[in-house]
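In: coordinates only, sequence not included:
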Ligand SMILES: CC(=O)N[C@H]1[C@@H](OP(=O)(O)OP(=O)(O)OC[C@H]2O[C@@H](n3ccc(=O)[nH]c3=O)[C@H](O)[C@@H]2O)O[C@H](CO)[C@@H](O)[C@@H]1O[C@H](C)C(=O)N[C@@H](C)C(=O)N[C@H](CCC(=O)O)C(=O)O
Ligand SMILES: Nc1ncnc2c1ncn2[C@@H]1O[C@H](COP(=O)(O)OP(=O)(O)OP(=O)(O)O)[C@@H](O)[C@H]1O
Ligand SMILES: N[C@H](CCC[C@H](N)C(=O)O)C(=O)O
Ligand SMILES: [Mg+2]
């Protein structure tokens, strides 16, 4: 891609080199560096970009972890906006500045030049904060090279993207490598595998002792949370559900407290305006209760499935093609643990055979547990709604607020929410 900084053209692709443009070498393109040199172009690395782009005093907030990045980032963005700051947000749902969506989703964490292009846009809009999700791919591919983080937040490390990182140990090492410097950081100390440099580290938790310690919580029309920090007690409420969201919201409150001079009481107050992220524990219908959620890892699914203990769960889910295939039986196993009825369907098959993806999933469902297979996601949603009764909750998992279904290299329009609403209309008609 190309980036124009004060008239100088930077690119990370030799195919885009033009007169006087500067080649920004990265881990992904260093194999093409000589092409740039042999054509007389200056070659720099992402760290050098700061000599051309004055980053001013913008504070970059980085959130990494297997799950919770988008939710926590969105909560921090919401709190900072409501406290009157100018803020940019970059992540799985796209690029946003001061409440407006600037770009659709491309990568959860863009490549180096993509990050600098967004920071440049944020600076042009006088943003004081740049909140960004940091994916494991981004850490491994050094896409965040050149960025100085004002704070680094860790949500949790379980398993994802093992198709890319190959082993859980490597995945954990990659995630932990983001936390090994002496930056200000906020760590979920309840996480079993996190390793971090304790210099400038603050912690948050529900169970173990920590700086931001959740002492009590209750769920009644949303959540009510009591926590302590520096020997003082505080409280926040939210309409969001799920114990995992207590972690996300505690992390967001603690982060804003650590990077601003705002009082914790004021931060907790404005948090109540945050209604959550579309496609994450999003209630689509009340009777029957139908919830759409983005959970697509065994741990994320476990967190959602255990949030409805009083309900008979009808779970509709699949697994992405060309992603970690070893998680698929674990997904089947965790759904079987909590659900009264299971409909295994397609997610984004990409270049894989949807039936074979489904076979991988059902191989983890214990033989004594009944399930249904419906490869067509639209039909699977309809079947679930026809099965539902007052005690049911239909959980449609894995795609969240995605607006397409990826089949081969085609992104076909598809949204769980609109399919649910269409099915409800047809069935009620
Ligand atoms: C699997 C993966 O991460 N692939 C990334 C990787 O692809 P690649 O190495 O094949 O890229 P490439 O096409 O060979 O190009 C590599 C570099 O060489 C340069 N190049 C290329 C050809 C040439 O002749 N000259 C040249 O200079 C390119 O401009 C580029 O800078 O490097 C590319 C450029 O840096 C990324 O765009 C690409 O992300 C692809 C599009 C992707 O889909 N990645 C997904 C898996 C991803 O990153 N997902 C994460 C996590 C999602 C989540 O959990 O939320 C994300 O952050 O979105
Ligand atoms: N703190 C958490 N711990 C475990 N599961 C969570 C947590 N927060 C959210 N989840 C579950 O994981 C799903 C994904 O949440 P979210 O989109 O915030 O994570 P993410 O880290 O951005 O994911 P991705 O890397 O796929 O973009 C949610 O829909 C929910 O089911
Ligand atoms: N429904 C998506 C969720 C994963 C999205 C993102 N985490 C990625 O890995 O690209 C899939 O499994 O295809
Ligand atoms: Mg995300």
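Out: Here it is on my side, so go on. Every value quoted in this text rests on a predicted model; they were computed, and no experiment measured them. Ligands and ions are numbered 1, 2, ... in the order given.

In: count of neighbours near residue 376?
Out: 12 (other CB atoms under 10 Å). Backbone N, C-alpha and C define where each C-beta goes, glycine included.

In: OK, contacts around it?
Out: Neighbouring residues of residue 376 by CB atoms under 8 Å, 6 or more residues apart in numbering: 345-346.

In: likewise the one 10 residues further on?
Out: When the contact criterion is CB under 8 Å, 6+ apart, the partners of residue 386 are residue 427.

In: residues contacting stretch 297-304, please?
Out: 66-67, 156, 158-160, 242-244, 281, 291, 293-295, 317, 327, 330-331, 333-335, 337, 395, 397.

In: and ligand 4, which of the residues you listed contact it?
Out: Contacts with ligand 4 within these, as defined by CB under 5 Å from the ion: none are present.

In: residue 95 sits in which helix or strand?
Out: strand 94-97 (DSSP states H and E).

In: could you confirm whether that strand reaches ligand 4?
Out: No - judged by CB under 5 Å from the ion, strand 94-97 stays clear of ligand 4, getting no closer than 10.8 Å.

In: quick one on the thing from earlier: the contacts of stretch 297-304 in helices, which ones?
Out: The members of the contacts of stretch 297-304 that map onto helices under DSSP state H are 243-244, 327, 330-331, 333-335, 337.

In: could you identify the most distant pair in those?
Out: Farthest-apart pair in the ones in helices among the contacts of stretch 297-304 is 243 and 327; separation 21.5 Å (CB to CB).

In: re earlier: what's the strand holding residue 95 in contact with?
Out: So strand 94-97 is contacted by 77, 87-90, 101-106, 118, 121-122, 125, 127 (CB under 8 Å, 6+ apart).

In: next, the buried residues of the helix or strand encompassing residue 356.
Out: Assigning secondary structure by DSSP H and E places residue 356 in helix 354-362. By neighbour count with 16 or more other CB atoms under 10 Å, helix 354-362 contains the buried residues 354, 357-358, 360-362.

In: same question for stretch 140-159.
Out: Under 16+ other CB under 10 Å, the buried positions of stretch 140-159 are 140-141, 143-147, 149-159.

In: distance to ligand 4 added to the buried residues of helix 354-362, as JSON lines?
Out: Below are those laid out as JSON lines (distance: CB to the ion, whole Å):
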{"residue": "354", "distance to ligand 4": "24"}
{"residue": "357", "distance to ligand 4": "22"}
{"residue": "358", "distance to ligand 4": "25"}
{"residue": "360", "distance to ligand 4": "23"}
{"residue": "361", "distance to ligand 4": "22"}
{"residue": "362", "distance to ligand 4": "27"}
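
In: I'd like those residues written out as JSON lines, with pLDDT added.
Out: Formatted as JSON lines, the buried residues of helix 354-362 follow (pLDDT from 0 to 100):
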{"residue": "354", "pLDDT": "98"}
{"residue": "357", "pLDDT": "98"}
{"residue": "358", "pLDDT": "98"}
{"residue": "360", "pLDDT": "98"}
{"residue": "361", "pLDDT": "98"}
{"residue": "362", "pLDDT": "98"}
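
In: the lowest-mean-pLDDT helix or strand in the chain packs against which elements?
Out: Least confident helix or strand, the chain: helix 162-165 with a mean of 85, by mean pLDDT, DSSP states H and E. Counting contacts by 3 or more CB pairs under 8 Å, 6 or more residues apart in numbering; DSSP states H and E, helix 162-165 is packed against helix 136-140, helix 168-177.

In: and the next helix or strand after the longest one, what does it pack against?
Out: Following helix 168-177 in sequence order, the next helix or strand is strand 185-188 (DSSP H and E). Contacts of strand 185-188 with other secondary structure elements, assessed using 3+ CB pairs under 8 Å, 6+ apart, are made with strand 149-154, strand 201-205, helix 243-259.

In: how would you label the nearest residue to residue 163 once chain neighbours are set aside: helix, strand or coil?
Out: Spatial nearest neighbour of residue 163, chain neighbours left out: residue 324 (4.5 Å); criterion: CB to CB, 6 or more residues apart in numbering. Three-state call for residue 324 (DSSP: H, G, I helix; E, B strand; the rest coil): coil.
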